[in-house]
Every structure is written in C-alpha cells, then in structure tokens.
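Peer 1: return atomic coordinates for the entry below.
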Amino acid sequence: MSLNTQASHALASPAAIEFLTRLYGRDAIAPQTERYAALAARHAALFGEKDGLRFVSAPGRTEVAGNHTDHNSGCVLAAAVNLDTVAAVTPNGTSVVTLYSEGYDKAFVVDLNDLEPKKSEYETTDGLIRGVAARMKELGYVIGGFDAVATSTVFKGSGLSSSAAFEVLVCAIFDSLFNGFVVDAKLRAKIGQYAENVFFGKPCGLMDQMASSVGGLVAIDFGQADPVVTAMKFDFGAAGYVPAVVSVGGEHGNLTHEYAAIPAEMRSVAEALGGKVLREIDPDEMEKQIPALKGKVKDRAILRALHFYDENKRVQRAVAALSEGDIRTFFDMLVASGESSWKLLQNLYVAGSDNQEMPLALELSRRMLEGKGAWRIHGGGFAGTILAFIPKDMTAKYTAAMNAVFGEGAVTQLMIRADGAVELRLN
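Peer 2: Residues are numbered from 1 along each chain as shown. Have a look, this model is predicted:
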C-alpha cells in the first residue's frame, strides 16, 4: 500500500475525524481531510515515501481585547482560531531542515550546525527556524533535521499572527519528532517570541505566541515573568453572534519600525519615571507626572502610555463581563478599545498616508453594528484587519457590505479553537 493510500485511510479513522472536528468544526471535515491528504501527497512527491509521517498544526490567534499591552507586561484576552498553519513532517537523519511552504517556489533550508543570529535573515522564515532551533537547544531539548511541507490559512497581513503560528509550529515539530511532544505550552510560546525578537528582528510581545500555543479563549496577565493564563468559557455562537475578521488591505511586512516604536515609546515613559515597563508604574502617578514628562519624552509616547493603562482596565472589565455573561458590557469594552487605539495609540494608519482602510472599515462597521454588535482594530495595526462580532441575522448583510468595499472574501468568519499546537501521527 502506498503512503498516499495509507494517509487517506488514516485520515478517515475515527481518531483523525475527531482531531479534525476539534480543530476546524464538523462542517469542515471533508475539506480538511482533502487538505491533509494533499500535504501527505506533496511530501511524498518531494521527499519520497517515508515511514513516520505525521502532521503538526499551530493555530492563528485573534486578539479579542488588549491592543499593544503585552510588551509592557499588561493584560490581554485572546483566542486561538480555526485558521492554522499545518505541516506534514518526517525526520531525515541529518542536521538540515528542509521546509517547503505553499506559495513559495524554493524550499527554506537551514543547517542546524550554525545557530547564530544573522542580520541577513531578519524578517525571514530561515531566521525563525534557526531561532527556534537555537533556543530549544540552549534549553536542553533535542533538535534534528527534518523534511516538511507546510500550508497555511493564516494569511500574511491578516492580523491573525502568521509569524507566531509558524514559530509555534516549528517548535512543535522539533518537539514532536525528537522529544516526545513534552514542551509546556507557555514555554513553547516563549521560544517562539525569542526567535522573533532575536533572529527575526521584531521586538514583539508574547501574546501572539501564547494564544497560538495554549489554545482556546484565554485571559493572559503578563505582569510577572511567568504569565498567568486563565481559560475562559463563552460560546459566542450560542449567544447569537459570529466573530469575524475583515481584511481591509495593506501588508505588515514593511512596518516593523512602526510596531517597534510603540513598545519603545511606552517604555520611554516608564524609564522616565524610574521603571522598565509601564506595568511597574502606578497609572495615577504617571498622570500626575505628565507636566514633567512633557518635553522629556514624545507627546505621542504620553498618549500611548495613557492608552496602555486604560486598555488594561478595559481588558479586566471585558473578562469580568464574559464571566458574568454580560455581552453588552463586553461589546462596550471592545468598541472603546478600538476608539482608544485610533485616538491615543495611533496605530490605525501610518502618519501621512493617504491609505486609511482601517479607519474606514471601523466607521462602516459602527454604522451597521452600533447597539447590535462590536468592532475594533485587530492585531498590531497600521494594516491588515479589524475584528467584528456580528449578530447572526446580520451576517449576510454585513459581509456583503464589507466585501463590496474591500473586495470579495474580505470577511472571514472565525471559530474559536480549543487546542493550541497539536500533532497527529498516522501510525
């Protein structure tokens, strides 16, 4: 029996069907089975038919509340979603990683004998693979060469964090193939963040990796070295709402300097007041010191610090509201979050740009959803997506209206995925 036939049989097993249902929902079993079988077939075509083929998946994430708070030790509410990056993988007995990713003509090839950061690999897939491997080896985990074929529904620039999903995926592959899948989900997230900070050259916080790695709907408090992750239970579908992201255009890839300025400016305020991050500074004291801060730090830095403190309170109120089933207060917090990001955080568009897709998407959403649902910026900002919670009976109308402005397929409905990084072995 060929490997392709074996993979097809294995993917039809009760265990595989349960696996796919948990990750993507019962309605998606057929297309996901086809997707996984196609990955297995491409792996066999590129690398030959090998024993020990397995699949590893890491989800994208949605930032539900808490815009740019994690990097200054704040609070967030986030969720793993049913859009993911998945790979078919086998060990290859060498020290070389060879990974083909859908949409790229050439393989990404990384020699694990060289695990030093390289500026030439900043903002590249090679840098992320090398960074994950370096950190895992440093922590005492076994790494080794593997052959992989990957595909992703976490589209770049979506605000669903394709880079974090990939980092978590690579860590999970090394763990699955060489360590018995034993790495703690929170540590896996920190490994991904390390790779992005040191080898990719982007000073991100930890929220994206944590949500992808842990899975489910989670409240995360980054106020200590070991973040406190609290699982939340809320069924938005049962409450009558559909969460969705709206892709409004633009690309995140060339905006690293804009993202880097946000945590840097927030920290400049903290440092001016004797701390390292804003969480260490009392918010009332910070406001009292604004006259002294004026001229010492940028005005925009002061505004961004005020956003941080207000946003932290909003996250806490949003979490409490969900716990109590108070969807109206929860929505109020989300809308206020978006308004603060627009006014104080100033990350809806690049200053001086004529392209203001995100403000346009938020205003159109307000006009349709005010008093009925919620809308806010999603992810890092400046480009990408907004998040909306749409009443079920308005889903078709909202989707048609937003697609008419931002292009067919702009609206993507989401399902919260209970699992973070996972593996599926075929035998």
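Peer 1: show me the shaky parts of this protein.
Peer 2: Residue ranges of the chain with pLDDT under 70: 1-6, 155-161, 250-253, 427.
Peer 1: quick check: which helices or strands does the lengthiest strand in it pack against?
Peer 2: Ranked by number of residues, the top strand in the chain under DSSP state E is strand 75-91. Applying 3 or more Cβ pairs under 8 Å, 6 or more residues apart in numbering; DSSP states H and E, we find strand 75-91 packed against helix 14-24, helix 29-47, strand 54-65, strand 146-152, helix 162-178, helix 207-214, strand 217-221, helix 299-323. C-beta: built from backbone N, CA, C; applies to glycine.
Peer 1: show me this structure divided up by domain.
Peer 2: 3-232+417-425, 241-413 (automatic domain parsing).
Peer 1: count of residues packed around the closest residue to residue 421 other than its chain neighbours?
Peer 2: Nearest residue to residue 421, sequence neighbours excluded (Cβ to Cβ, 6 or more residues apart in numbering): residue 172, at 4.0 Å. For residue 172, the neighbour count with other Cβ atoms under 10 Å is 27.
Peer 1: just checking, residue 172 touches residue 188?
Peer 2: Yes: between residue 172 and residue 188 there is a contact at 6.7 Å, judged by Cβ atoms under 8 Å.
Peer 1: any common contacting residues for the two?
Peer 2: Here residue 172 and residue 188 have residue 421 as joint contacts, going by Cβ atoms under 8 Å, 6 or more residues apart in numbering.
Peer 1: most packed of the domains of the chain?
Peer 2: Most buried of the domains of the chain by mean neighbour count (mean count of other Cβ atoms under 10 Å) is domain 3-232+417-425; its value is a mean of 20.
Peer 1: what about that one, distance to the chain center?
Peer 2: Put simply, domain 3-232+417-425 sits 11 Å off its chain's centre (Cα atoms, centre = their mean, to the nearest Å).
Peer 1: ditto for stretch 273-293
Peer 2: 30 Å.
Peer 1: CA atoms only for it - export them in PDB, please.
Peer 2: This file holds the C-alpha atoms of stretch 273-293, laid out as PDB (Å, rounded to 0.1, in the frame of the first residue of the first chain):
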ATOM      1  CA  LEU A 273       9.600  57.600  35.800                       C
ATOM      2  CA  GLY A 274      12.100  55.100  37.100                       C
ATOM      3  CA  GLY A 275      10.800  51.800  35.700                       C
ATOM      4  CA  LYS A 276      11.400  49.500  32.800                       C
ATOM      5  CA  VAL A 277       7.800  48.900  31.600                       C
ATOM      6  CA  LEU A 278       4.600  50.700  32.200                       C
ATOM      7  CA  ARG A 279       3.100  48.000  34.400                       C
ATOM      8  CA  GLU A 280       5.700  48.900  37.000                       C
ATOM      9  CA  ILE A 281       4.400  52.500  37.200                       C
ATOM     10  CA  ASP A 282       1.300  53.400  39.000                       C
ATOM     11  CA  PRO A 283      -1.200  54.900  36.500                       C
ATOM     12  CA  ASP A 284      -2.300  57.800  38.800                       C
ATOM     13  CA  GLU A 285       1.400  58.700  39.400                       C
ATOM     14  CA  MET A 286       2.000  58.700  35.700                       C
ATOM     15  CA  GLU A 287      -0.800  61.100  35.100                       C
ATOM     16  CA  LYS A 288       0.400  63.400  37.900                       C
ATOM     17  CA  GLN A 289       3.900  63.400  36.200                       C
ATOM     18  CA  ILE A 290       2.600  64.500  32.700                       C
ATOM     19  CA  PRO A 291       3.900  68.100  33.200                       C
ATOM     20  CA  ALA A 292       7.300  66.700  34.000                       C
ATOM     21  CA  LEU A 293       7.200  64.200  31.100                       C
END
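Peer 1: ranges for the helices of the stretch 201-350 of the chain?
Peer 2: 207-214, 256-272, 283-288, 290-293, 299-323, 327-340 (DSSP state H, counting those that start in this stretch).
Peer 1: and the fifth one, what does it pack onto?
Peer 2: Put plainly, it is helix 299-323. Checking 3+ Cβ pairs under 8 Å, 6+ apart, helix 299-323 ends up next to strand 54-65, strand 75-91, strand 228-232, helix 256-272, helix 283-288, helix 327-340.
Peer 1: what of the second one?
Peer 2: Identification of packing neighbours for helix 256-272 by 3+ Cβ pairs under 8 Å, 6+ apart yields helix 290-293, helix 299-323.
Peer 1: now distance to residue 229 too, for those, in TSV please.
Peer 2: Below are those laid out as TSV (distance: least, Cβ to Cβ, whole Å):
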stretch	distance to residue 229
helix 290-293	33
helix 299-323	12
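Peer 1: so for residue 371, which of the ones you listed sits nearest?
Peer 2: Closest of the helices and strands packed on helix 256-272 to residue 371 is helix 299-323, at 16.5 Å (criterion: Cβ to Cβ).
Peer 1: ok now the closest one, how far from the chain's centre?
Peer 2: On Cα atoms, centre = their mean, the centre of helix 299-323 falls 20 Å from that of its chain.
Peer 1: how far off helix 256-272 does it point, in degrees?
Peer 2: 90 degrees (axes from the mean of the first three to the mean of the last three Cα atoms, to 10 degrees).
Peer 1: rebuild the helices and strands packed on strand 75-91 as a markdown table, extending it with distance to residue 135.
Peer 2: A markdown table is the format used below for the helices and strands packed on strand 75-91 (distance: least, Cβ to Cβ, whole Å):
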| stretch | distance to residue 135 |
| --- | --- |
| helix 14-24 | 26 |
| helix 29-47 | 26 |
| strand 54-65 | 16 |
| strand 146-152 | 17 |
| helix 162-178 | 8 |
| helix 207-214 | 12 |
| strand 217-221 | 20 |
| helix 299-323 | 28 |
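Peer 1: what is the end-to-end distance of stretch 339-356?
Peer 2: Criterion Cα to Cα, to the nearest Å; first-to-last residue distance in stretch 339-356 is 15 Å.
Peer 1: who's in contact with it?
Peer 2: If you take Cβ under 8 Å, 6+ apart as the criterion, stretch 339-356 is touched by 67-68, 249-250, 255, 258, 262, 300, 303-304, 306-307, 310-311, 314, 357-359, 362, 376-377, 380-382.
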